[in-house]
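[1] Next input, structure requested:
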Amino acid sequence: MTKKENLKIDIKEREGVSLVKFEGRLDLYNSPLLKSTINMMIAQKKESVIIDFSELFYIDSSGIGSLISSMQDFEQKGGVIKFVGINKTIKRTLSIMNADDMFDMYDTEEDARYSLPD
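    Next up, the predicted model:
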């Protein structure tokens with residue numbers, strides 16, 4: 001398995017919300033996959049996305065940069081992104097990069113859903 005294959009993205013639709021689950025690593029090699037996934041959602045005019053990081057075990061500065069850029073693009077088009085399942089390692093990385101305040105993080109999908117606009 002190459003580094004480019006170390007990220008799996010699973011997308012499901014549930015009650016008008018796109019649930020995007022990341023598994024593996026989000027880094028320089030596979031951050032384009034993240035951007036293309038969010039761009040696809042923009043093209044499909046999705047309004048609400050919950051990103052699940054419960055199976056993401058590594059993120060680097062390139063992954064964080066792509067995440068922030070993609071999130072801003074999505075929100076500029078009127079969409080809302082919430083994050084769930086962020087483990088301590090990922091939270092620590094976000095904190096070191098001074099990026100933790102940029103993400104709307106929740107413990108559970110239910111909590112994230114409750115925070116979505118009507």
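[2] Output the below-cut-off pLDDT ranges for the protein.
    Low-confidence segments of the chain, defined by pLDDT under 70: 1-5.
[3] Tell me which residue lies nearest the centroid of it.
    Within the chain, one residue has its C-alpha closest to the average C-alpha position: by CA atoms, centre = their mean, that is residue 51, at 4.3 Å.
[4] Surely it is within a helix?
    No. Remark: residue 51 does not belong to a helix; assigned using DSSP: H, G, I helix; E, B strand; the rest coil, it is strand.
[5] residue contacts, it?
    For residue 51, the contacting residues are 20, 21, 22, 81, 82, 83, 84, by CB atoms under 8 Å, 6 or more residues apart in numbering. For every residue, glycine as well, the C-beta is placed using N, CA and C.
[6] any idea how far residue 15 is from residue 73?
    Using CB to CB, to the nearest Å, we find residue 73 at a distance of 24 Å from residue 15.
[7] Neighbour count: these two, which is higher?
    residue 73 (15 against 7; other CB atoms under 10 Å).
[8] same for the helix or strand where that one lies, what does it pack against?
    Assessed by DSSP states H and E, residue 73 sits inside helix 61-76. The contact analysis (3 or more CB pairs under 8 Å, 6 or more residues apart in numbering; DSSP states H and E) places helix 61-76 against strand 17-26, helix 31-43, strand 80-84.
[9] Tell me the one of the contacts of residue 51 nearest residue 96?
    The shortest separation between residue 96 and any of these is 17.1 Å, and it belongs to residue 83 (by CB to CB).
[10] What is the neighbour count of that closest one?
    Neighbourhood size, residue 83 [other CB under 10 Å]: 21.
[11] wait, it sits on residue 53?
    Yes. Assessed by CB atoms under 8 Å, residue 83 is found in contact with residue 53 at 6.3 Å.
[12] what residues are shared contacts of the two?
    By CB under 8 Å, 6+ apart, no residue touches both residue 83 and residue 53.
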